[in-house]
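> Output the structure for:
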Amino acid sequence: MANSPDSSKSTPSADAPKRGLFQRKPKEAKAKKPSQLKQIAEVFKMTRRNDPQVVWIMVLAFLAVVAVAFLVGYLLENWVTGLIIGIPLGLLAAVFILSRRAEKAAFAQIENQPGASGAALGTLRRGWVTQDQPVAVNPRTQDAVFMAIGRPGVVLVTEGPSHRVKTLVDGERKRLARILPNVTIHVLESGRGEGQVPLNQLAKTMGKMKNELTKVEVNAVSKRINSLGNRLPIPKGIDPYKARPDRKAARGR
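Okay, the predicted model is just below:
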């Protein structure tokens, strides 16, 4: 008598879904991204924790826009249309206020933390070349110097008290001057002291600098600096903690 085949090996599992000969293989389920409304809600909660007045400012902005739209519609003897137009515009104004206050709240959360200046540089617009790690650091005090390369030239952003970080920034400026003698080197001190730039104003301040290089020259300068490598061992505490302010989340995307 012939041996019967092992049914456990030859027959498909009863639980496995059947698929036709020409049917495509089902795609694996992808992790769903949070909806736009959920993102806005999370940003709102984070902002309200750091800025309780944001609720009233948003309400006032909404009511002001709706009131103006209603008044214009009333004068044109069509106040219904004024409200139809004013309500969406009021919501847009409230979301705009939320995005601006959310950005300030995000910076407030990372302020005074090691690597905060590097995180602030990450919010720069296109055209800038930045690095997550500092180019100079004092392991004992965790004072650091971060660098950004753009059309205005090379910008060194310090993190730490002025009198203490001066040695670091002077050494880095001399090093860059030797390899980039014709490129302007700017120095900005981050902080809230006299002569310093707050974190939430760094990107704006750098955006107002006068352009001196072309896009091609910016790439050439970046490659020239990268070819020399980073000569510093970076301690663990200097990593920006990946606490980069999320501009996309702040805009509610």
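> Give me the buried positions along stretch 37-44.
Buried residues in stretch 37-44, counted by 16 or more other Cβ atoms under 10 Å: 39-40, 43-44. In short, each C-beta sits where N, CA and C put it, glycine included.
> From Q142, how far out is P134?
The spacing between P134 and Q142, counted by Cβ to Cβ, to the nearest Å, is 10 Å.
> do L176 as well
Counting by Cβ to Cβ, the gap from L176 to Q142 is 22 Å.
> again with V55
36 Å.
> can you point me to the longest helix in this protein?
Identified as the longest helix of the chain according to DSSP state H is helix 79-110.
> In terms of neighbours, single out the busier of L176 and Q142.
Shown here are L176 and Q142; by other Cβ atoms under 10 Å, L176 has more neighbours (21 against 16).
> Give the next helix or strand downstream of the strand or helix carrying the more buried one.
Using DSSP states H and E, L176 maps to helix 162-179. Next along the chain after helix 162-179, taking DSSP H and E as the criterion, comes strand 185-190.
> which residues touch that following strand?
Here strand 185-190 makes contact (Cβ atoms under 8 Å, 6 or more residues apart in numbering) with 116-117, 120, 152-159, 162, 165, 169, 173, 176-177, 195-199, 202, 205-206, 209.
> what about V165, how many residues close to it?
V165, neighbours per other Cβ under 10 Å, totals 23.
> Does anything pack onto the longest helix of the chain? Which helices or strands?
In terms of contact count using 3 or more Cβ pairs under 8 Å, 6 or more residues apart in numbering; DSSP states H and E, helix 79-110 is assigned the packing partners helix 36-50, helix 54-75, helix 116-121, helix 199-207, helix 247-250.
> out of the contacts of strand 185-190, which are buried?
116-117, 120, 152-159, 165, 169, 173, 176, 197-199, 202, 206.
> Could you check the longest helix of the chain and say which residues are buried?
Buried-residue list, helix 79-110, by 16+ other Cβ under 10 Å: 79, 82, 85-86, 90, 93-95, 97-108, 110.
> mind checking how far that helix is from the chain centre?
19 Å (Cα atoms, centre = their mean, to the nearest Å).
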